[in-house]
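# got a sequence here, can you model it:
(chains A and B)
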Amino acid sequence: MDTVMNKVPAVGRKAPLKVRAIRLLKYLPIFILLLFFAFLLMAPLIWMCLGAFKSDPEVLSYPPRYFPPANHFLENWANVNKQIDFMHMTFNTIVYAVGTTIPALFVNALAGYAFARFRFRGKNVLFLLFLATMMIPFQVVMVPLYLEVYYIGWLNSFWGLIIPKIASAYWVFLCRSAFEGLPKDLEDAARIDGLNEFGIFVRIMLPLVVPTMITVTLLSINNCWNDLLWPMIMASKSSMRTLSNGLAIFIGNRTDNYSLAFTAATVSMLPMLILYIFGQKYFVAGQATSGIKG
Amino acid sequence: MTAAVKKRRRSRSFERKLERTAYVFIAPAAILLIIFCIVPMLGSVYVSMQKMGVDLSKAEYVGLDNYTKALADRRFIQSIGITLRYTAIEVPLQMVIGVVLSALLAKNTLINRIMRSIYFLPVVASAVTVGVTWQLVMHSNIGIFTYWLKQLGVTDPNWLNNTGTALYVVVFVAIWKTFGISAIILVSAIQNVPDSLFEAAAIDGAGKIRQFFSVTLPSVMPSFWFLLMTRIIGSLQMFDIVYTMTGGGPSRSTTTMVVYIYDQAFNSMNKTGYATAMSEFLFVFIMFITIIMYTIMNKTSDY
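Numbering: from 1, shown residues only, chains lettered A, B, ... in the order given. Below is the predicted model of the structure:
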């Protein structure tokens, strides 16, 4: 009896000090393991950030120096800007990310809403069609897509970068499952009040799935910001480069300018870091739902 | 005409109106997907049968030559071997680490919440940032990990420039970057397991480890299979981390299928048709695995 009582989690009652101490001691190896993994994950990133403040000789010193003795960040930053048009690349990345995300929200939410709330002929076929597009690896369509964009005349333009990336079956599914959970009475009440279908969608339904919309927004911005393959194919002209492919080329060319590589990489990651710090729960929600629904 | 018939008519016309609205709502996404996903997919079959660069008017129809050429291309076969080896190492490691850590992190304590957000951090970093950072972290002269490993007695084999070690470093970095996703998916699956199951197991005398194998693991199987499938597919498509860290080198030892396909399509003359033919092989691989995994998933969720 006694042993059973110990194993059932005690609710609203603090265990005696001795039991808690034993529990803590048992937890210690787990905690150390977790800490070790956290360290493994953070060390390279912290080292990169610290590297942005070091001068080149300091980066090269052996044994490695952990903390920069003096702040060389502004110097490095000025040098980065001398060698590449960092601000212009940032601008391109922002246009790509925002330009894709805003129409993507609208287009995919609308489709997800229709799949969730309407009955219509061909629904299953259409749904399968959407499902099928998720299974097509981008690498298979990349050459024909490139040719298509080339013949439309969108090569090295924001149109070519953005338009093919707007619709995504993944976002449609995310929106669909959010809309499915809403009560039916809402639409009926709105219809009786004389609101048209689009009005119901925008004024009644959309405000109820704001968390999902934030998730889609953050994940979509993050995807575009980090996207390498498509900008590399689409925007070969230097004035169209985004941060990802611009930096890949910059670092590929100059592997000996380490402090500049650190600086450019750190600064380019900063916006995503801020986005993550403030929107962590939405990033996680996006990943979590994809796993459960699958 | 009775009132009932009238009402039914009105409701039928109302249904029809709703149907039209649904089509209108789906149209933008459907049209974009057709133009930029389905048409290129169908087009890829056509392109794969041409010998061409980017100019379609100079394309020359070669039938299935590109496919037979690919099967005889030693570099392509080598890239398939590398991709399979990469997948065979990355996926099991990733799954084991993901399962163990998610079991340890599932409770919503403060420490676990902090750990989870740290583990997820590399997921939001770009592959380029990650590639550059790790290139320098494992660098022979300045790399901090190389230095620490030396302190621990591991002599530096020139990690990224050694054909024997480069692929393993890439695998390690890929796991480092993405296992936050695995952990998060499994953590939320574990959190969805009703507490009563654990309580019942505890009353039956099952210890923590027994609970993990008898309650936790079977309950999260659907998420586990889903994760396994996406990890395998993701590994077969490995590109950006390899590309930024090693560029496929040294001496092609990390040239995965997609790196080779990209290289053939955009860095070689008149080979876009050939590259597309190779990508069809990738497509078949992925379809094959998706079908197998779906069959397994349907079987396991039957009981």
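
# okay, now the residue of the stretch 201-303 of chain B found nearest chain A: neighbour count?
Proximity to chain A, evaluated over the stretch 201-303 of chain B using CB to the nearest CB, is greatest for B:Phe226 at 3.7 Å. The way it works is simple: take the backbone N, C-alpha and C, and place the C-beta from them, glycine included. Counted with other CB atoms under 10 Å in any protein chain shown, residues neighbouring B:Phe226 total 20.

# next: B:Val124.
23.

# list the contacts of it.
Residues near B:Val124 by CB atoms under 8 Å, 6 or more residues apart in numbering or on different chains: A:222, A:226, A:272-273, A:275-276, A:283.

# kindly recompute the last result at 7 Å.
Applying CB atoms under 7 Å, 6 or more residues apart in numbering or on different chains to B:Val124 gives the contacts A:222, A:272, A:276, A:283.

# any low-confidence regions in the chain?
Went with chain A since none was named. For chain A, the stretches with pLDDT under 70 are A:1-14, A:252-256, A:289-294.

# wait, chain B
Ranges of chain B meeting pLDDT under 70: B:1-10, B:300-303.

# report the central residue of it.
Nearest residue to the geometric centre of chain B (CA atoms, centre = their mean): B:Gly234, 1.8 Å.

# if we can go back for a sec, okay, and which of the contacts of B:Val124 map to helices?
Using DSSP state H, the subset of these located in helices is A:222, A:272, A:276, A:283.

# and which of these is nearest to B:Asp240?
A:Asn222 (13.9 Å; CB to CB).

# mind listing what the closest one touches?
Neighbouring residues of A:Asn222 by CB under 7 Å, 6+ apart: A:272, A:275, B:124.

# let's go with 10 Å and repeat that
Contacts here follow CB atoms under 10 Å, 6 or more residues apart in numbering or on different chains; on that basis A:Asn222 touches A:97, A:101, A:271-272, A:275-276, A:279, A:283, A:286, B:123-126.

# with A:Leu174 instead?
A:108-109, A:112, A:168, A:209, A:212-213, A:215-216, A:219, A:285-286, A:289-290, A:293.

# just the buried ones from these?
If you count burial by 16 or more other CB atoms under 10 Å in any protein chain shown, the buried members of the contacts of A:Leu174 come out as A:108-109, A:112, A:168, A:209, A:212-213, A:215-216, A:219, A:285-286, A:289-290.

# domains of the chain?
Because you didn't say which chain, this covers chain A. Domain assignment for chain A, taken from automatic domain parsing, gives A:15-76, A:84-253.

# sorry, I should have been clearer: chain B.
B:3-47, B:65-300.

# any idea which of the ones you listed is most buried?
Mean neighbours per residue, mean count of other CB atoms under 10 Å in any protein chain shown, is largest over the domains of chain B for domain B:65-300, with a mean of 19.

# then A:Phe36 would be within a helix, right?
Yes. The assignment for A:Phe36 (DSSP: H, G, I helix; E, B strand; the rest coil) places it in a helix.

# so how far is chain B from it?
Using CB to the nearest CB, to the nearest Å, one gets 11 Å for the distance from A:Phe36 to chain B.

# try A:Val80
13 Å.

# phi and psi next, for that residue.
With angles defined as degrees, to the nearest 10, A:Val80 sits at phi -60, psi -50.

# for it, what are its contacts?
Per CB under 10 Å, 6+ apart, neighbours of A:Val80: A:52, A:86, A:247, A:250, A:257, A:259-264, A:267-268.

# quick one: which of those residues is nearest A:Leu195?
Nearest to A:Leu195 among those is A:Ser268, at 44.8 Å by CB to CB.

# looking at it, that closest one is touching A:Leu243, isn't it?
Yes. Look at A:Ser268 against A:Leu243 with CB atoms under 10 Å: they come within range, at 4.6 Å.

# picking up where we left off before, what is the nearest of the contacts of A:Val80 to B:Ile114?
A:Ala52 (24.6 Å).

# quick check: closest non-adjacent residue to B:Tyr23.
Spatial nearest neighbour of B:Tyr23, chain neighbours left out: A:Phe120 (6.7 Å); criterion: CB to CB, 6 or more residues apart in numbering or on different chains.

# only the buried residues of whatever helix or strand A:His88 lives in, if you could.
For A:His88, the host element (DSSP states H and E) is helix A:86-117. Residues of helix A:86-117 classed as buried by neighbour count (16+ other CB under 10 Å): A:86, A:89-90, A:92-97, A:99-101, A:103-117.

# and chain B, which of these contact it?
The residues of the buried residues of helix A:86-117 that also fall near chain B, by CB under 10 Å from any CB of the partner chain, are A:93, A:103-104, A:106-115, A:117.
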